[in-house]
Each structure stands twice: as C-alpha cells, then as structure tokens.
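Novice: sequence first, predicted coordinates after that:
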Amino acid sequence: MRGFWPTFKRELLSLVVTPIAWVVAGAFLLIEGLYFFVVLLSYAAEQSVVVGMGPAQMFFGGSVFYYFPLVMACPILTMRLLAEERRSGTIESLLTAPVDALGIVLGKYFATLVVFVAMWLPTLLYMMILAAYGEVDWRLVATGYLGTFLVGSAWLSIGTLSSAMTPTSTVAAVVAVVFILVLFLLGFAADKVDDGALRAAMQHISVASLLDDLSRGLVDTRKLVFWISAAVVPLIASVKTVEAWRWG
Amino acid sequence: MIEVKRLSKRYGSFLAVNDLTFSVERGEVVGFLGPNGAGKSTTLRILAGFIGATTGDVRINGFSVTDQSIEARASIGYMPESSPLYPEMRVREYLHYRAELKRVPRAKRQDAVDSSLQDAGLGDVDRVLIAQLSKGFRQRVGLADALVASPPLLILDEPTAGLDPNQIRDVRALIKRLRKKHTILVSTHILSEVGAMCTRGIVIAAGELVGQGSLDELRALRRPVAVKIRIRGEVVAARTVLEGVPGAHAVTLESQPDESAPRFTVDFTDPADSDAITERISQALHAAGLGVLELVPTSSLEQVFADLTIKKRPVEQVGREPRP
C-alpha cells in the first residue's frame, strides 16, 4: 500500500482548501439542524409519537430528511477524487511516482471518510441538547452513529468507484447517485414483495431496515457484514480500475 | 540506464510506436527527437510507467517496468509534457507532497525540497499558489518535482515547450548543470536543442527509429539541399559561372533589378555532396573574379525531419492529418 499517507493528506488538504467540502458540510448541517428542530417540535407537541422511538432514534433514519442530505453529500464529496486527476492530467504525475493503486484509492477514500465524520460531529450537540432537557439512551445514539458511519462508508465507496469510471466529475456524481438510489429503492421496496427469499434478500440490503434495527439497539451481524462489504467491494473495483488505466 | 528492446504500442488500429530499440548509458544526456506526433510522448510514458507497452521489453536502471514497476519508477524523475499540477496547492506544499510520495525520508525532505526549489529557480515563488503561476513557472515546478527525490535518471518531455526565449535558455542551462549528477533523456521537436543540451540524439518519426548518434553524426544528417548566394558583380556573368559548377542544377535569380548585389538560389543535384558543391561554387566564383558576399545553406534539420517523416508515415496515419 504505497503512497497512502501522502495521498490521504493531500486529498484532505484539497477538500479543506476548496469550497466543496465546506458547501456540502454547511448545507448538510443546515438541513439536519432544521430537521432536528422539526423533530423536536413534533415531539414537544406530542404528535406522531411512536412507542419506543425517541427523538434521537427519529433523527437517525426516521424520515427522508435523514437520507436525502446523505444521498447528495456522499457523491459530491467523492466525485472529484479520481475523475479530476484524469481530467486535469495530474494522474500522470501521480501514477509515475513509486506508488500503487491501492495506496492511492484508499488514501483518497479515507480523506472523504474523515470529512464525512467531521461533518457529523456537530450533530453530537443535538444529542447534548436532548440530554439537557430529557432522557437520552446513549447506547442507542451510539448505534445510530454506527449505522450512519456504515452507510456513509458504503456510499462514499460507491462514489469513489463512480469517480474512477469517468473523467468527468459531474458524471461521476450522477452515476453515484443512481447507484445509491437503486440500492436504496431495492431495500425500500422489500415490504412490497411477497416472495420469501427475495424479500429477505431485499430487507438484508435495505438501508432503512439497517438503521431501524440500529436505532432500536439491534445489531445484526449479517447486516453489518453486508454494509462492510458494500464499502470494501467498490474499493477493490476502484483499485482494479486504476490499475487498468495503463492499458486503456 | 535505459534499455528499450523491440517496443511497440498500438492504440486500436493506430501504431504509435513501432518496434523501437535503443539504449541510454549512465551519464549520457540524450535528446529524443522527432516531429510532433512521432510517438515521443508515448514512448516516454511507457518508460515512466504511466502506460503499458503492447509488446517489447523496457528496463530502467536494470529494473523491468512491468515486473519491477515500483523500483523502475523510483529510479526516474519524470516531467510530463503538460506539467499537470494541483492548482489549489502552494509550490512548496506540492514539492513536499511529491517528495513524500517518492519516499524521500522525512529527515531529508526539507533539504530535498529546498535544493529542488533552488535548482529550478523557484526560490521566490515557493509560497505562491500553483493556480497563480505562469506557464514558465509551472514548467519549473514540473522540473523541481522531477528533481526532488534525486533520481539517477531524469526523463523530461519537452521541457522547453511553450516557454519564451529567456526561459528556454534558463532550462537549457539547468539541464547542462544537471548532467553532472543525472542521466537525462529529454524530448524535443526542435533540433537545435540537441546541440544546446545533449551529448547524443535519438531520432524517431512515425513511431520508428530514424537515426541515432553523436552530434556530429546528427549534423551529417543536416545536409543543405540548396545554397543562397549574394554576389558582387554582373548578373549574367555570375549566372554563367554558377550554372557551370558540377552538382548545381537550378540557378534562380532572387534579387530585384535595382539591387546592387544580385542574389541567387542554387539547388544541389545530390544533397549528400552538399559540402563539395558549396566549396566548388565558392571557388568558381572566386576564380571568375566575382566577390562572394553571402553564402547560406538553406536547409535546416527541421526540413530533413519533415522529409523523413513524410517518407516514413504509414498509410493508416495519412487520414489523421488536419485538413487545410
């Protein structure tokens, strides 16, 4: 894994000094902040209170406002990773250094994962606000963040692969959104399918059912394995794609 | 230092490099010459490990670029043609990053960056954003990048392209200084650069080796096909003398009637004999009592290359020419 650290540091610097990460994080926090506010209002008015589901659980995967910013943020963070290197030609300097594709792909991927985690950190404040005015089950909060981390890892990985597939950043973003939505909808439609095996499979890959489990504190190893695979497999494919460029 | 054996690269049906064999010894500064589109960049990219060869064997510093790619790449400081850089980084930041990527040990990195900045003449702009640099400075950042890990071999793809005359002189002077410490392969489509920088030249056209050798051997390629003459004397007398010289086959009057000294262009029957014919022209004019004011060979190496390229161009490439 040659070239991981310098690539990771350079990519992180690049994300931080260009507006993209800030715009994404700003928009994300604005939407999540408003969402949290609405969740609090509705709980305060004692409307639509689901038994066994507090505001913290509602916040993690309880509605489309949890998913929508993520579906947009992950592809935007990853779209430039490899596509921009190819568009601008810097890939030539990068690949003629004594580095390997694994180091480059992982360095870039982890840089976006760090930004993703940093983007979520301020939401800890929301949990503290909740704790100040009521009861918070921190174990459920932890599993909520675990689910978010797993979903983010997988979606950023899908975004990385999309960025390896095309030299155009915007195309990479669109491809990633499509991949993510297909995966999302397949899981979402699980309840509408009668067939037992197919239904089980679809539930297995459902991001909603993952977060539903986790927000109730239920950690299903099979789902963990799926989501970790969903992060690892696109990364392997990205490494193979980068290695294949020299023959392209 | 570089061994290339029977190298070919095919893009679809287009043969970019065809059965190329050459080598570069340690300590040489070799000019890699050819007109635009000859396959220079493709060859250098294969040497640098950026693209793979279709067939053939390439060894850098004893390492195969396919089987020992990392070791081969670690031996090279490669400067791509367009000097692609990250615009959002500062010059020093970028070179630090490149030094780390090329595994310069942490303790030596600062010195390595400082000396590459100095060698490339970037001392004053080390904290400037790359996005704000001019073309000439970007080229120098590319050069500094090639130097930063002190590799034994430098491969520079058209380092003077797009620079102004002063910058070209600076780059040539730098390459002359660098040849004390590095083996250098430098590509160019301008022949005079070989004379300015190199000990030897390798000439390719349409992906094939056309010639290689020392500067003298390359100069031998540079045979004038005609000579321009300005004479003190009568037009008719001069023409008679010129037409009588063996090897001179077409004498054209170039000057206007009101010019005091007539000018002629004399074509050679056989460019291989150019030196002898030029000498005979000079002697004949002198013997006839006509003063030779100017005697200028009219061919450049560029023209020789143009001729070679046209002859060597495979049929499949003809369709790729831009239409007027």
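Specialist: Looks like it came in fine. Numbering: from 1, shown residues only, chains lettered A, B, ... in the order given.
Novice: local confidence estimate at residue B:132?
Specialist: Note on residue B:132: pLDDT of 94.
Novice: how about the closest residue to residue B:198 other than its chain neighbours, what does it touch?
Specialist: Nearest-residue entry for residue B:198: residue B:31, 3.9 Å, with adjacent residues in sequence omitted and distances by Cβ to Cβ, 6 or more residues apart in numbering or on different chains. Any C-beta I mention is one placed from the backbone N, CA and C, and that applies to glycine too. Applying Cβ atoms under 8 Å, 6 or more residues apart in numbering or on different chains to residue B:31 gives the contacts B:186, B:187, B:188, B:193, B:194, B:197, B:198, B:200, B:201, B:202.
Novice: what about residue B:31, which SS state?
Specialist: Under DSSP: H, G, I helix; E, B strand; the rest coil, residue B:31 falls in the strand class.
Novice: any idea how far chain A is from it?
Specialist: Distance, residue B:31 to chain A, using Cβ to the nearest Cβ, to the nearest Å: 21 Å.
Novice: double-check that residue B:22 belongs to a helix.
Specialist: No: Residue B:22: not assigned to a helix; according to three-state DSSP it is strand.
Novice: for the helix or strand that contains residue B:196, buried residues please.
Specialist: For residue B:196, the host element (DSSP states H and E) is helix B:192-197. If you call a residue buried by 16 or more other Cβ atoms under 10 Å in any protein chain shown, then helix B:192-197 has these buried ones: B:193, B:194, B:196, B:197.
Novice: so what does that helix touch, helix or strand wise?
Specialist: The elements that helix B:192-197 packs onto, with contact taken as 3 or more Cβ pairs under 8 Å, 6 or more residues apart in numbering or on different chains; DSSP states H and E, are strand B:29-33, helix B:165-178, strand B:183-188, helix B:215-221.
Novice: now the angle between strand B:29-33 and the helix or strand following the shortest one, please.
Specialist: Reading on from strand B:29-33 to the C-terminus, the next helix or strand found by DSSP H and E is helix B:40-47. Interaxial angle, helix B:40-47 versus strand B:29-33 (axes from the mean of the first three to the mean of the last three Cα atoms, to 10 degrees): 130 degrees.
Novice: just the CA trace of helix B:40-47, in PDB.
Specialist: Output in PDB follows, covering the C-alpha atoms of helix B:40-47 (Å, rounded to 0.1, in the frame of the first residue of the first chain):
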ATOM      1  CA  LYS B  40       7.900  10.600 -28.400                       C
ATOM      2  CA  SER B  41       5.400  11.200 -25.500                       C
ATOM      3  CA  THR B  42       4.000   7.700 -25.900                       C
ATOM      4  CA  THR B  43       7.500   6.200 -25.600                       C
ATOM      5  CA  LEU B  44       8.400   8.400 -22.600                       C
ATOM      6  CA  ARG B  45       5.200   7.500 -20.900                       C
ATOM      7  CA  ILE B  46       5.900   3.800 -21.300                       C
ATOM      8  CA  LEU B  47       9.400   4.400 -19.900                       C
END
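Novice: for that helix, the distance to its chain's centre please.
Specialist: 14 Å (Cα atoms, centre = their mean, to the nearest Å).
Novice: and stretch B:38-58, by the same measure?
Specialist: In terms of Cα atoms, centre = their mean, the centre of stretch B:38-58 is found 17 Å from the chain centre.
Novice: just the buried residues of that stretch, please?
Specialist: Quick answer for stretch B:38-58 (16+ other Cβ under 10 Å): B:38-53, B:56, B:58.
Novice: repeat that for stretch B:242-258.
Specialist: Result for stretch B:242-258 [16+ other Cβ under 10 Å]: buried residues B:242, B:245, B:247, B:248, B:251.
Novice: contacts with chain A among those, please.
Specialist: Near chain A, taking Cβ under 8 Å from any Cβ of the partner chain as the test, no member of the buried residues of stretch B:242-258 is found.
Novice: any idea how far chain B is from residue A:60?
Specialist: Residue A:60 is 34 Å from chain B, by Cβ to the nearest Cβ.
Novice: that residue and residue A:215 touch, don't they?
Specialist: Yes: using Cβ atoms under 8 Å, residue A:60 makes contact with residue A:215 at a distance of 5.0 Å.
Novice: need the overlap of contacts for the two.
Specialist: Joint contacts of residue A:60 and residue A:215 (Cβ under 8 Å, 6+ apart) are A:144, A:147.
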